[in-house]
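Novice: this one's structure only:
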């Protein structure tokens, strides 16, 4: 995929299609700048993805291009945890295929509802 610094939707991006309403998702929260939805392959009792509505390929590019939007995503991770009544939870940003990123649209995983081990796999 070509580098996209403008945050414009990408026709071939699954998460952009969710933002546009073209692909169904179990949305748990939505703000002006973010969408949060349940992961289709949950790794914990709570496994929600929080994405910016603007397309950036990964967390590093999002943070460099739009720090305020990055903060919005992080604020929403807490809101998701609060709504699911999680006392503790993990927030994960996978950046790059080697780290396990499979959809190249920046997103935070909110994981909770079970014990988490360190270091992660």
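Specialist: Sure, I can see it. Computed from a predicted structure; not experimentally measured.

Novice: what's the separation between the spatially most central residue of the chain and residue 23?
Specialist: The chain has residue 107 as the residue nearest its centroid, 2.4 Å off, counting by CA atoms, centre = their mean. Note on residue 107: its distance to residue 23, by CB to CB, to the nearest Å, is 14 Å. Every C-beta, even on glycine, is put in place using the N, C-alpha and C of the backbone.

Novice: okay, now the unreliable bits of this structure?
Specialist: For the chain, applying pLDDT under 70 flags the ranges 1-6, 121.

Novice: wait, isn't residue 56 in contact with residue 105?
Specialist: Yes - assessed by CB atoms under 8 Å, residue 56 is found in contact with residue 105 at 7.2 Å.

Novice: for residue 43, grab phi and psi.
Specialist: Main-chain dihedrals, residue 43, degrees, to the nearest 10: phi -110, psi 0.

Novice: pretty sure it is touching residue 111, no?
Specialist: Yes - Residue 43 lies in contact with residue 111 (CB under 8 Å); the separation is 6.3 Å.

Novice: show me which of those two is the more surrounded one.
Specialist: Higher neighbour count among residue 43 and residue 111: residue 111, with 22 against 12, using other CB atoms under 10 Å.

Novice: hang on, the more buried one packs against residue 93?
Specialist: No - in this structure residue 111 lies outside contact range of residue 93 using CB under 8 Å: 12.0 Å.

Novice: report the buried residues of whichever strand or helix holds residue 90.
Specialist: Element membership for residue 90, per DSSP states H and E: strand 89-92. Neighbour-count burial for strand 89-92, counted by 16 or more other CB atoms under 10 Å, picks out 89, 90, 91, 92.

Novice: can you list contacts of the longest helix along the chain?
Specialist: Determined from DSSP state H, the single longest helix within the chain is helix 67-83. With CB atoms under 8 Å, 6 or more residues apart in numbering as the contact definition, helix 67-83 has outside contacts at 7, 28-29, 31, 33-34, 36, 46, 48, 50-52, 54, 59, 62-63, 89, 91, 106, 108, 110, 112.
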